[in-house]
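Engineer: Sequence isn't available, so here's the structure alone:
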């Protein structure tokens, strides 16, 4: 089992920045690829970014390309999502997920956190 806990969400003005964190614990947590997804009110869950277990490979969805950066600490247990130039459309609950391989499909991820809320005011 892998447990995931997100933090760093909050209220920010449009154009501002936030840095989300996700701490993974449990068996071999650092061996998993990890990703960020988000779900806004009334919208489908969408892929944001993912990073390989070693941190050498990353993949970005359309939503944050060029504005968001995913990274992983050296121990491999914590990932970050640096979000810059936030727009009201970025408001959502952001979820951290862990799975066996780098993937943009949510069904590829076995473990999920509870989410952290991001609110962007215009």
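Structural biologist: Thanks, I have it. Predicted, not measured: the structure shown is a model, and the values here were computed from it.

Engineer: Residue 33 against residue 51, yeah?
Structural biologist: Yes - Residue 33 sits in contact with residue 51 when judged by CB atoms under 8 Å, with a separation of 6.8 Å. Placement of C-beta: from N, CA and C, glycine included.

Engineer: list residues touching both of those two?
Structural biologist: residue 102 (CB atoms under 8 Å, 6 or more residues apart in numbering).

Engineer: which residues in this structure form strands?
Structural biologist: Secondary structure of the chain by DSSP state E: the strands cover 2-7, 10-13, 18-26, 33-39, 46-51, 58-60, 68-72, 78-83, 92-99, 111-112, 116-121.

Engineer: tell me the mean pLDDT for the third one?
Structural biologist: Computed over strand 18-26, the mean pLDDT rounds to 95.

Engineer: Point out where the protein drops to low pLDDT.
Structural biologist: Along the chain, segments meeting pLDDT under 70 are nowhere present.

Engineer: hmm, 90 instead?
Structural biologist: In the predicted model of the chain, residues 1, 26-31, 53-55, 64-65, 73-76 satisfy pLDDT under 90.

Engineer: In CSV: the strands of the chain, plus distance to residue 105 and mean neighbour count.
Structural biologist: Converted to CSV, those look like this (distance: least, CB to CB, whole Å; neighbours: other CB atoms under 10 Å):
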stretch, distance to residue 105, mean neighbour count
strand 2-7, 18, 18
strand 10-13, 28, 12
strand 18-26, 18, 18
strand 33-39, 10, 24
strand 46-51, 7, 22
strand 58-60, 11, 16
strand 68-72, 16, 19
strand 78-83, 18, 22
strand 92-99, 9, 23
strand 111-112, 13, 16
strand 116-121, 22, 17
